[in-house]
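Engineer: 3D, please:
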Amino acid sequence: VKLDITGSQLTTLTPQFLSALDDRRGDLILVGLASNPILCDCGVRALRRSSLAQGINCTSPANLAGRILVEIADDELTCDPHRPTTTTRAPITILKTSRTTPRMTTEPEIIWSLPPTTMSNSKILVTNKAPSSVMNTIN
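Structural biologist: Numbers count the residues shown, from 1 in each chain. Alright, predicted model coming up:
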């Protein structure tokens, strides 16, 4: 089956339609897409990746009008009207260069807390304040 869409004023093809065309690749042929006013925004990314994108020129937005769809990067195909789609480089001026050395210490910040101890016949007795009042012996 041959589907002629010449002059149909289509601005894009949905990813679902492109998938359906791909599933019927041997049974359905689409012709005339290049004669339609293709809107090159975020909605045309799936078309750009398909085999149908060959020979398609963008008609809008103004910054992409006349460009070949397959030569446009995905990040240029935007739907955000406030996001610039062209990259500009601003001059950078370095006023002063200074080098800093971070202070490093090898001593960890550890605070030890030990329970009170008592000496008894050259043994250290450590008293735990646990409810059972257990005595531990350390040699």
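Engineer: find me the pLDDT at the residue lying closest to residue 60 once chain neighbours are set aside, would you?
Structural biologist: Leaving aside its sequence neighbours, residue 60 sits nearest to residue 39 (C-beta to C-beta, 6 or more residues apart in numbering; 5.2 Å). Where C-beta positions appear, they are placed from N, C-alpha and C, glycine not excepted. Residue 39 is assigned 95 on the pLDDT scale.
Engineer: make sure residue 39 is actually in contact with residue 59.
Structural biologist: Yes. In terms of C-beta atoms under 8 Å, residue 39 counts as a neighbour of residue 59; the distance is 7.1 Å.
Engineer: joint contacts of these two?
Structural biologist: Residues within reach of residue 39 and of residue 59 at once, by C-beta atoms under 8 Å, 6 or more residues apart in numbering: there are none.
Engineer: now the strands: where do they sit in this protein?
Structural biologist: Assigned strands in the chain, in chain order: 2-4, 29-31, 38-39, 58-60, 117-120, 123-127, 135-138 (criterion: DSSP state E).
Engineer: just give me the neighbour total for residue 37.
Structural biologist: Using other C-beta atoms under 10 Å, residue 37 has 15 neighbouring residues.
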